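Enquirer: mind folding the following:
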Amino acid sequence: MIRRLMLLAMIIGGIHFTCSSQNINTEKSKIEFRVANLGANKVKGNFSGMKGSVKFDPKKISSASFDVCIDATTFNTRMKKRDKVVKGEKYLDVVNYPEICFKSTGVSRNGMSYKLTGILTMHGESKDVEIIFNYSRQTFTGKLQINRLDFKVGPQSGVLVGKIIDVTITCVIE
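Expert: Numbering: from 1, shown residues only. The predicted model follows:
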């Protein structure tokens, strides 16, 4: 009888774990991006410092939620002079806007993948976005495109820096 009760408690505890918020592994999670530079080149870089909460069970996607932020000060293209300019007032203005955050409004199946809808807040502007993602082995991998002008980041011209940013998200939960 005691063994059955212990087994039942372990099963219920496991169900509770898959339905509750999971922690983000900050060390393994990252945001990578690509953006046109001078019309011909592509600048690649990343952000780190992802934190927040994720609630996801593939069997109960209607109750899924994502509330995630990245540290804007971690912007890195491996070129210190460019990184300093982009972190400055004309672009990300990380002093006044130290985080870039996403809060989900819904999750649905999208073929073999998932579609995550929500609000992205960057540089004091909030916009609805869609992220198509896959989930495997405690890892979410998603892609989206952002128009930087929607968030009032950088100059209006797309000559020096392209307007569209390709973003790849890797979020590892524990």
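
Enquirer: surely E130 forms part of a strand?
Expert: Yes - counting by DSSP: H, G, I helix; E, B strand; the rest coil, E130 is found in a strand.

Enquirer: now for it, how many residues are close by?
Expert: Look at E130: counted by other Cβ atoms under 10 Å, it has 13 neighbours. (C-beta placed from N, C-alpha, C; glycine too.)

Enquirer: give me every residue that touches the nearest residue to it once chain neighbours are set aside.
Expert: Nearest in space to E130, with sequence neighbours left out and distances taken as Cβ to Cβ, 6 or more residues apart in numbering, is T117 at 5.3 Å. With contacts defined as Cβ atoms under 8 Å, 6 or more residues apart in numbering, T117 is in contact with S104, T105, G106, V107, S108, D128, V129, E130, I131.

Enquirer: which among those residues gets closest to Y97?
Expert: Of all the contacts of T117, V129 has the smallest distance to Y97: 16.9 Å, by Cβ to Cβ.

Enquirer: from D67, how far out is the closest residue to the closest one other than its chain neighbours?
Expert: Counting by Cβ to Cβ, 6+ apart, L120 is the residue found nearest to V129 once chain neighbours are left out, at 4.6 Å. Per Cβ to Cβ, to the nearest Å, L120 is found 12 Å from D67.
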